[in-house]
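Colleague: Here you go, sequence then predicted model.
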Amino acid sequence: MDMSKIVIGAMRLDDRESAVATMRAAIDAGFNYIDTSPCYCRKDEKENSETWVGEAVNHPDYRDRVMISTKCTPGNGGLEIGDFQPEGGFGVRSVDQVSQMFDQSLTRLGLDRVDYYHLWTTHTAEQFAEARKPGGWFDGVAANKDKWDHLGVTTHGDPDTIIEFLESGKFETVTMPLNVINTTRLRVVDYCRENCIKVIAMNPLAGGFLVAREDLKELALRYLMLLEGVHVLIGFTFPEHVAYAKWIEETMGQFDLTAEQILQRVNEMMDTAEPRCTACGYCLPCPEQITVGAALSYYNAYKYLHMDEAKEAFNAKQWEDGLRLDKCTYCGLCESRCPNQLPVGDIIRKAQEALYD
């Protein structure tokens, strides 16, 4: 089954009834891949994203038309190695623990196997090395080969680190942040296109705050729709969100801007002569693991697009280490690498003052 251009995120579902209706509407719309995890929407062992996905697809009319992906990680969700937390899928570091995670997810889903299984929230070389240790995550996945068909990685790492993961030859797909105001990982898209690896773009609406402006919401989705080899992971909550995504898909042929022209239009919306980070990613890697362009994209939206929602979204996502601007030590590496010779340190200081309360 070929993966649809738009795929289904099961992280932002509301409750069982609306979740089932929303996912079935998405499958009916032709969106044929669902991304879930052990901790999404978790209320308890019976009420969580995986059990809701299971109810939605456990009918031949739906299961036969959709691919299911779930995941677990040796990490803690951030940059560290985690302690084993099976209910959420963190700290999974042995063959037995991986087997336990498969049994848990497949029981919740009501399935005997999944189509894709992902090495989840793996952002650093150290976390990847942990997964590759003898008797670790990869050996556990190999021991459960009868329970999955394809392997992927989900990461917020910098472009060089992600490409190193992919050069291992272990993955058929990569899920990573990519959107119209955060293009730091476009080099990964180029690499994947050359090596026949699917890219699944998460955070297409920058954590949801781009929906506050109708023009930006449309441009953000159309931008990703125009990128070859990129699949757009949309976190649906209600069926009307599915209808909007289907409208985007059906009207792409009538849309006359290119991806580059969309980026130019978004830049024009910011309407400033001040030196501004464009999230090109050439400043990376950061010794503090900050994804500088991604973090400053929130500052740009807050300051130049006057979107208070960007500040709210930034603070809500401080669990993501790549956005931790407060960890900056002003070492000057990003500034020395900036192709536009921006005063990156000064911009980071201004962003800290604006975004942190």
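Modeller: Nice, I can see it. Numbering: from 1, shown residues only.
Colleague: from here on, contacts and neighbour counts on C-alpha atoms
Modeller: Fine.
Colleague: wait, doesn't R12 sit right on I234?
Modeller: No. If you go by C-alpha atoms under 8 Å, R12 and I234 don't touch, sitting 9.3 Å apart.
Colleague: Looking at those two now, which is surrounded by more residues?
Modeller: The neighbour comparison of R12 against I234 (other C-alpha atoms under 10 Å) goes to I234, with 26 against 15.
Colleague: Common neighbours of R12 and I234, please.
Modeller: Taking C-alpha atoms under 8 Å, 6 or more residues apart in numbering as the criterion, R12 and I234 do not both touch any residue.
Colleague: Burial check on E55, number of neighbours?
Modeller: The local packing of E55 (other C-alpha under 10 Å) involves 19 other residues.
Colleague: So it belongs to a strand, correct?
Modeller: No. With DSSP: H, G, I helix; E, B strand; the rest coil as the criterion, E55 is located in helix rather than a strand.
Colleague: Just the pLDDT for the nearest residue to it once chain neighbours are set aside.
Modeller: Leaving out its chain neighbours, the residue that sits closest to E55 by C-alpha to C-alpha, 6 or more residues apart in numbering is V20, at 6.7 Å. Note for V20: predicted pLDDT of 98.
Colleague: Could you measure from V20 over to R42?
Modeller: From V20 across to R42, the span is 15 Å (C-alpha to C-alpha, to the nearest Å).
Colleague: Same check on E274?
Modeller: Per C-alpha to C-alpha, E274 is found 43 Å from R42.
Colleague: For those two, indicate the residue with more neighbours.
Modeller: For E274 versus R42, neighbours defined as other C-alpha under 10 Å are more numerous around R42 (17 against 7).
Colleague: Need the nearest residue in space to that one, chain neighbours excluded.
Modeller: Looking at R42 with C-alpha to C-alpha, 6+ apart, the closest residue is N48, at 4.2 Å.
Colleague: what do you get for E335?
Modeller: V344 (5.1 Å).
Colleague: ditto for E80
Modeller: E80 sits nearest to Q127 (C-alpha to C-alpha, 6+ apart), 7.2 Å away.
Colleague: cool, D14 as well?
Modeller: Spatially, and ignoring its direct neighbours in sequence, D14 is nearest to T237 (6.1 Å; C-alpha to C-alpha, 6+ apart).
Colleague: residues near the one you found, how many?
Modeller: Residues lying near T237 (other C-alpha under 10 Å) number 20.
Colleague: ok now do it, which residues does it touch?
Modeller: By C-alpha under 8 Å, 6+ apart, T237 lies in contact with R12, L13, D14, S18, A19, T22.
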